[in-house]
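> here's my sequence, what's the structure:
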Amino acid sequence: MTCPDCGHDNIDGLDTCEHCGQDLRSIDIPRAKSGLQRTIMKTPIRELEPLPALTVAPGESVAAAIRLMQKERHGSVMVIDGEQLVGMFTEHDLLTRIAGRSIDLDATPIDDVMLRNPKALSETDTLAQAMHRMAVGNYRHIPVVEEGKPVRFVSVRGVLRYLHEHTR
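Coordinates of the predicted model:
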């Protein structure tokens, strides 16, 4: 990595120039230039027009949550206690936490099988932040909160649809 101040050729990954001490930490941070890269790094989540959140209470049955997901054709529900997001249940949870086990779906409360305290985004967070959170957490759905209240969710499908429509 070449120091922008003195031109010294440093080993990649150094925080400061070995020659002049210049801070190099911000040099390898990607900058939004144009096209797809700019779209990903600058587009706020609200521009994706995220879908409204489907919500259930912690004591509702897994069967009720699944029926709601099927009816609305969504892959997730947010579990809300009062107005507070306390969990999330997704089609992935259905496959990994329930399928193949002998569980009474009508008697099992959703809070027994949900992901607790899921990470959330705000409508001003960027597409890059959503994609990063999805990749690092291995999530396909992320809640979007407004003033601490869950109102929408972002999905991988929604991100891909937006990129397809806006980067041709």
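> pLDDT score assigned to residue 81?
At residue 81, the predicted lDDT confidence score is 92.
> neighbours of the nearest residue to it once chain neighbours are set aside, how many?
The shortest distance from residue 81 to any non-neighbouring residue, by CB to CB, 6 or more residues apart in numbering, is to residue 58 (5.4 Å). C-beta coordinates here come from the backbone N, C-alpha and C atoms, glycine included. Look at residue 58: counted by other CB atoms under 10 Å, it has 14 neighbours.
> who are the contact partners of residue 58?
Neighbour list for residue 58: 79, 81, 86, 87, 109, 110, 111, 114 [criterion: CB atoms under 8 Å, 6 or more residues apart in numbering].
> and the gap between it and residue 18?
According to CB to CB, to the nearest Å, residue 58 stands 55 Å off from residue 18.
> what residues does stretch 15-27 touch?
For stretch 15-27, the external contacting residues (CB under 8 Å, 6+ apart) are 1, 3, 4, 5, 6, 8, 10, 11, 14.
> which of those residues sits closest to residue 124?
Closest to residue 124 out of the contacts of stretch 15-27 is residue 4 (30.6 Å), distances taken as CB to CB.
> and the residue sitting nearest the centre point of the chain, what are its bridge partners?
The centroid of the chain falls nearest to residue 142 when counting by CA atoms, centre = their mean (3.9 Å). For residue 142, the beta-bridge partners are residue 154 (DSSP bridges).
> all set, thanks.
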